[in-house]
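Enquirer: sequence first, predicted coordinates after that:
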Amino acid sequence: MKFQASARKWRPQKFSELIGQEHIVRTLKNAIELDRVAPAYLFSGTRGVGKTTSARLLAKALNCEAGPTPEPCDTCTHCVEIREGHSVDVMEIDGASNNSVAEARELIDNVQYSTSSCRFKVYIIDEVHMLSKSAFNALLKTLEEPPASVVFIFATTEINKIPETILSRCQHFEFKPLSHQQIMEQLRLICENESIEIDAGSLDEVAKNGAGSMRDAQSLLDQVIAYSGRSIGAGAVEEVLGIVGQDTLARFFNRIVERNGPELMQTVQETALNGKDLGLFCRDLIEYLRNLMIVKVAKDPAALLSQRAFDLDVLKKQAEAVHLDELQQMFHALSKADLDMKRSSLPRTVFEMAVIRLLDVRPYQNVDDLIQKINAMTGEVPVAAPAAPSAPAASAPPQPVAPPAASPQQAAAPPAATPAKPVSSSSNKWDEIKNRAGQAKRIFGTYLMQAEVLELSEDELHLAFPDPFTQGQVSKEENRALLKEIASEVMGNPGIVVKLDCRPAESNNEPVLTDNAPGNKKGEKTSPTEQQLLKDAVEILGGTVIG
Ligand SMILES: [Zn+2]
């Protein structure tokens, strides 16, 4: 049995079979019925949407022995000859290979002769935009005064390259790209008729890759059938196209969220080794990000998702784990990589670098929050009352960020001589105080974590800090007030006394009680508090410590 390409085998032979171009079909049928067929038509639109097919249908409709008729019989000699491409009166010319002025002249000379058997001489010139300027000029005269029984049908994918003089002498029809649904239905019909088993996901994938062109989708289907036989399983389309599947994309995204660089690089390596196109992989990832964005933003995401086999539940779960602005940052990084890969002689490296950049993506911080956090760290602006710890210090103006310094006014308070009676569950109470302080002011909580509780009772809270810096920070007026407020609430005594001491250092090179700001001087070790402070700063501001 001779193989016939699906696109050819399934080429519409009647206007009613033409998919997606109803507006054109209707106009052409009316023109035939009303005997108002124009001497020249121009069909424009992307490839594989039915331009040449429509031209042949029009030729048949005009020349059918039972016609002219909007429904040619498809069985008479003329119809069959035209369908098979043997008619001497219906000429198909490829503009790309017959584009010279000499060829245009030959055609024009030919136009003068009457038809051999048909009613109309039909010239179908495909890719007409490829004609040279002089060829167009030669054609122009004939278009101005065409013989009565001649119809020109020009087809082009690039309407912008058609000279205005030609355009103005043609009836112009713009063919629309076919919808995903239209392509899907036609492919399903073909598969049913050819007894091809194909799963919905693969069918979807084929239709999507047709990108609005029925012919492209049908050619791809032929390729997939040639690869898999009559039963097309999951993954076959991806294999044929050299693209990665949705599962791989979903896993890849999970690795990004987990900041798992080694596995990401491993996947890139495997993808490349399997002969898949990393450029397509990059574009698929971009599309995957779009799907996540849609799931995050849209009320009815299923209707808006790009047409590809996807698992909505997986997308939803992943979308929850990521911020919208993280998605945007990833999108920018990959879009840039997509462009750069096309220009680079090392596309794989460009892609890998972009993937690694995805690991650094963090949600943007709200500037007001940042300012508040910085101010809280330097202790320059009192924060909101502890009763409403999450209330932002609304419009706190940005303060110059001064290096943290111990407050000199707070010298070590003398330890109390007579401790009051201890509270039984003092450690729970202390946890509560610490937690509430941390909620009110995160960095303050960090300071308190380092304190040793010498005394906690209804009457007194006595803390010892490991270094003067921490002690100084906690002793700042507003911090001390905050601590007192929390302690009095927790312990149920508004008159509670708060004492803050510095514990004598156990190690020898740690400075004990000092009024000097413990700057990070040359050769001096960073204290644990400073390390914590630095860690917090890095976390809040995002960045790396150099040196
Ligand atoms: Zn016929």
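Expert: Noted; the coordinates are in hand.
Enquirer: pLDDT weak spots in this protein?
Expert: Within the chain, the stretches with pLDDT under 70 are 1, 306-310, 365, 379-425, 504-529, 539-547.
Enquirer: tell me who's in contact with residue 194.
Expert: By Cβ atoms under 8 Å, 6 or more residues apart in numbering, the residues touching residue 194 are residue 225. Just so you know, the C-beta spots here come from the backbone N, C-alpha and C atoms, and that holds for glycine as well.
Enquirer: which of the residues in stretch 169-187 are buried?
Expert: 169-170, 173, 175-178, 180, 182-184, 186-187 (16 or more other Cβ atoms under 10 Å).
Enquirer: identify those among those residues that sit within strands.
Expert: Of the positions in the buried residues of stretch 169-187, residue 173 sit in strands, assigned by DSSP state E.
Enquirer: make JSON lines from the buried residues of stretch 169-187 and add distance to residue 454 to it.
Expert: What follows is those, written out as JSON lines (distance: Cβ to Cβ, whole Å):
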{"residue": "169", "distance to residue 454": "100"}
{"residue": "170", "distance to residue 454": "97"}
{"residue": "173", "distance to residue 454": "91"}
{"residue": "175", "distance to residue 454": "86"}
{"residue": "176", "distance to residue 454": "82"}
{"residue": "177", "distance to residue 454": "78"}
{"residue": "178", "distance to residue 454": "80"}
{"residue": "180", "distance to residue 454": "73"}
{"residue": "182", "distance to residue 454": "80"}
{"residue": "183", "distance to residue 454": "78"}
{"residue": "184", "distance to residue 454": "76"}
{"residue": "186", "distance to residue 454": "83"}
{"residue": "187", "distance to residue 454": "80"}
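Enquirer: ok, so of the buried residues of stretch 169-187, who is nearest the ion?
Expert: residue 173 (23.1 Å; Cβ to the ion).
Enquirer: once you drop chain neighbours, what's closest to the closest one?
Expert: residue 24 (4.7 Å; Cβ to Cβ, 6 or more residues apart in numbering).
Enquirer: burial count for that neighbour?
Expert: Neighbours of residue 24 under the rule other Cβ atoms under 10 Å: 22.
Enquirer: what does the host helix or strand of it contact?
Expert: Assigned by DSSP states H and E, residue 24 falls within helix 22-33. Helix 22-33 is contacted from outside by 15-16, 18, 36-38, 43, 54, 57-58, 61-62, 67-70, 173, 175, using Cβ under 8 Å, 6+ apart.
Enquirer: and stretch 81-89, by the same measure?
Expert: Contacts of stretch 81-89 (Cβ under 8 Å, 6+ apart): 13, 56, 59-60, 63, 74, 78, 90, 92, 115-118, 120-122.
Enquirer: distance between the ends of it?
Expert: End-to-end span of stretch 81-89 (Cα to Cα, to the nearest Å): 10 Å.
Enquirer: what count of nearby residues applies to residue 259?
Expert: Residue 259 has 11 nearby residues by other Cβ under 10 Å.
Enquirer: and the residue found closest to it once you drop the neighbours it is linked to in the chain, how many residues sit next to it?
Expert: Residue nearest to residue 259 in three dimensions, not counting chain neighbours: residue 359, with 4.8 Å by Cβ to Cβ, 6+ apart. Look at residue 359: counted by other Cβ under 10 Å, it has 14 neighbours.
Enquirer: next one: residue 359 from residue 264, what distance?
Expert: Applying Cβ to Cβ, to the nearest Å, the value for residue 359 to residue 264 is 8 Å.
Enquirer: smallest gap between the stretch 151-300 of the chain and the ion, at which residue?
Expert: Residue nearest to the ion within the stretch 151-300 of the chain: residue 151 (16.6 Å; Cβ to the ion).
Enquirer: check for me that that residue belongs to a strand.
Expert: Yes. Counting by DSSP: H, G, I helix; E, B strand; the rest coil, residue 151 is part of a strand.
Enquirer: kindly state the beta-bridge partners for it.
Expert: residue 122 (DSSP bridges).
Enquirer: re the thing from before, which neighbours do residue 359 and residue 264 share?
Expert: By Cβ under 8 Å, 6+ apart, residue 359 and residue 264 have these common neighbours: residue 256.
Enquirer: relative to residue 344, which of the contacts of stretch 81-89 is nearest.
Expert: The closest of the contacts of stretch 81-89 to residue 344 turns out to be residue 92 (Cβ to Cβ; 41.9 Å).
Enquirer: tell me the phi and psi of the residue lying closest to that closest one once chain neighbours are set aside?
Expert: Nearest non-adjacent residue to residue 92, counting by Cβ to Cβ, 6+ apart: residue 124, 4.7 Å away. Backbone torsions for residue 124, taken as degrees, to the nearest 10, come to phi -100, psi 110.
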